[in-house]
Structures are given as C-alpha cells and as structure tokens.
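> Requesting a structural model of the entry that follows:
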Amino acid sequence: MTNEAENVTSIIEKESTNHTENTVLGTEKSLWEYFVSCITEKYFCFKGRARRKEYWSFVLFNFLIPFVLSFISGFLVVTGGNTFGIDILSTLVSLAFLIPGYAVLFRRLHDVNFSGWWATLPLLGLLIAVIISGYVQAMDRYRGIESNQEFLSVIIIISGLVFLIPSLVVFVLIFFKSDMKENKYGPVPEGVK
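Residues are numbered from 1 along each chain as shown. The predicted structure is shown next:
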C-alpha cells in the first residue's frame, strides 16, 4: 500500500516539476496543438474558457485548411482535372469545423466574462434580415405589384445592418484581454499572463 502511495506521489511530483519547468522555460502549446485540441478533445466543449491564442489558432487553421483545398481544386480546374472529390472534401471539412468553431467562440467569450450566447447574436441578426427581406418580397407578390427598387434597397441595407452590428459586437469582444481571475465560467486558462 505504501509503495502505491509513494508511486502516486512521485508521479504527481514529476508532473508538477515538468509543468513548472515548462512554464519557467516558456514552453507552451503551439498554434497547431491548440487547433488539434479544438477539433479533438474539445470538439463539443462549450464550457470553460479559451485564451486568445487558442481561439486565433483555431481561426488560422480553419482558414488555411479550406484555402489549401480550394487552391488544389483551382489547380485541378486549370489542368483539366476532376475537382469533384476535392470539392466534397472541402465542404465536409468546413462542416466538420462548424461545431468546434462555435465551441471555441463560446469559450473565448467566457474568458472575457460574457455569456457564450452572445455568439448567436449574428445568427439572430441574419435570421431577422432574411425574414424582413422575405416578407417584403412575399407582400409584393401577394399584391401583384413589382417591387419599388429603392424601397427594396433600403430594406436590404437595414437587414444587412441588423446582421452586421451584432457581428461587430462579438468581433470586438473576442479581442478583450482574458479575465485575470477565476470567473463563473472557470479558472484562468493555462498560459495567460
């Protein structure tokens, strides 16, 4: 029994020493490690906090991977190759990154002490914009009149603003510094200075 306790104690001490050494030496997760963490172990994780580095790591590779796939697709088009497979792969990758993208955004908002539900504001704005535009066009068809282009342009601009303003609010929030103390969403993420 005492051997097991000693083994556990020595493992804990080694882990603690390794963590302290990594922190002292400045060794921390790379951008790729943060990205992989987001798409594997934190795929459905909407709880907790994500520091800026974790969020922007995901954003970077979420842009780069589909960009490379699109570049390959474009190359295949130019050379007369078949792009069907690469286009399907690109679409599947984009869909696969959708959930972890929202998860890391929720966690990023938690890190600055805001509810993750703020991330849904742009979607709500988009829904309102679609409803307004659809309503105006349906009413014009119902009345049997041709749309007044100036009126329709104003409606489209208002609908766009209803989507854009919440998007800008969320965009600004993700740049805030991490809350330097534990908040209601969890402890300060590792590596935050």
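
> Wait, residue 180 touches residue 187, no?
No. Using CB atoms under 8 Å, residue 180 is not in contact with residue 187, being 11.1 Å away. Every C-beta, even on glycine, is put in place using the N, C-alpha and C of the backbone.

> how about stretch 106-119: buried residues?
106-112, 114, 116, 118-119 (16 or more other CB atoms under 10 Å).

> Columns distance to residue 75 on top of those residues, output as JSON lines?
Listed next are these as JSON lines, based on distance: CB to CB, whole Å:
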{"residue": "106", "distance to residue 75": "36"}
{"residue": "107", "distance to residue 75": "36"}
{"residue": "108", "distance to residue 75": "34"}
{"residue": "109", "distance to residue 75": "38"}
{"residue": "110", "distance to residue 75": "41"}
{"residue": "111", "distance to residue 75": "39"}
{"residue": "112", "distance to residue 75": "41"}
{"residue": "114", "distance to residue 75": "42"}
{"residue": "116", "distance to residue 75": "39"}
{"residue": "118", "distance to residue 75": "40"}
{"residue": "119", "distance to residue 75": "35"}
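
> Just the ones of those residues in helices?
Among the buried residues of stretch 106-119, the members found in helices (DSSP state H) are 106-111.

> Which member of those residues is positioned nearest residue 78?
Using CB to CB, residue 108 is the member of those that sits closest to residue 78, with 38.2 Å.

> ok, the nearest residue to the closest one once chain neighbours are set aside - contacts?
Excluding its sequence neighbours, the residue lying closest to residue 108 (CB to CB, 6 or more residues apart in numbering) is residue 55, at 4.2 Å. Shown in contact with residue 55 (CB atoms under 8 Å, 6 or more residues apart in numbering): 104-105, 107-108, 174.

> pLDDT and distance to residue 168 added to these, as TSV?
As requested, these are arranged in TSV below (pLDDT from 0 to 100; distance: CB to CB, whole Å):
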residue	pLDDT	distance to residue 168
104	97	19
105	97	15
107	97	20
108	96	16
174	94	11
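
> picking that back up, the residue nearest to residue 108 looks like it's in a helix, true?
Yes. Applying DSSP: H, G, I helix; E, B strand; the rest coil, one finds residue 55 inside a helix.

> which of the buried residues of stretch 106-119 lies closest to residue 91?
Nearest to residue 91, judged by CB to CB, of the buried residues of stretch 106-119 is residue 119 at 22.7 Å.

> okay but that closest one is in contact with residue 103, surely?
No. Look at residue 119 against residue 103 with CB under 8 Å: they stay out of range, at 9.6 Å.

> quick one: residue 86 from residue 61, how far?
18 Å (CB to CB, to the nearest Å).

> Please read the previous query as pertaining to residue 128.
Taken as CB to CB, the span from residue 128 to residue 61 is 31 Å.

> So between the two, which is more surrounded?
With neighbours defined as other CB atoms under 10 Å, residue 128 and residue 61 compare such that residue 61 has more, 19 against 15.

> Let me know the secondary structure of that one.
Three-state call for residue 61 (three-state DSSP): helix.
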